[in-house]
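# I'll drop the sequence and a predicted model, then ask my questions.
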Amino acid sequence: MKRLIFLFAICILSGCSKSINELEDLPQIDFDLQPVMSSPSIQSKKVTFKYINAGTDFYLVINNGRKEFLILDAFSIAGSKCAYAARTKINVAPVSVATYKLPTIGLIGLCYSNNDQLFFIENGFKNISEKGGDIKLPLYSMIKYHFPGNAAEAESKTVNNLYVNFEKLGSSNAPSAIKAD
């Protein structure tokens, strides 16, 4: 009985995420990662990727806490029917934080099915986060990177499950133009 429940839980969890192959198979729209700023960081021997939004602008913040260059070989951000893929490789300096501008929320909304696009039309955009709110759509990102000075470390791939969160129509936090009477 426990095995059956465990198998059922695995099936449910695997159905809620996309694999790297599924993300690579989506039609891709090429874009250029636009550098916004770069600043020194502390040496933490870790690399982190954070996603932040300011209004409808969307950013990728890369913290390279290692003493070697990081080369971002591939980056893509995907909805349910297409993905935006970076055209060029990006070099991130050792012990630094680099911020890059991604496609806006409106452009990312075009990478969803027609039914999913209704969320963008009928609800006010709230934020993009790793935790989903009441009204949400999944957003996937894939990052491939390596360290050229370290032959022992192979290329790394990271897939992040993010959520595009929306305000309920008529809620007090939604813009007044879309409030229901």
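All right, it came through fine. Numbers count the residues shown, from 1 in each chain.

# list the beta-bridge partners for Asn161.
Tyr140 (DSSP bridges).

# need the contact list for it.
For Asn161, the contacting residues are 17, 130, 138-140, by C-beta atoms under 8 Å, 6 or more residues apart in numbering. All C-beta spots, glycine's among them, are computed from the backbone N, C-alpha and C.

# quick check: the gap between it and Gly132.
Remark: distance between Asn161 and Gly132 (C-beta to C-beta, to the nearest Å) = 9 Å.

# find the residues that touch each one of the two.
Joint contacts of Asn161 and Gly132 (C-beta under 8 Å, 6+ apart) are Pro138.

# distance check, the most centrally placed residue in the chain against Leu72.
The centroid of the chain falls nearest to Ser141 when counting by C-alpha atoms, centre = their mean (4.0 Å). According to C-beta to C-beta, Ser141 stands 12 Å off from Leu72.

# over to Pro94?
Remark: distance between Pro94 and Leu72 (C-beta to C-beta) = 14 Å.

# so between the two, which is more surrounded?
Per other C-beta atoms under 10 Å, whichever of Pro94 and Leu72 has more neighbours is Leu72, with 22 against 16.
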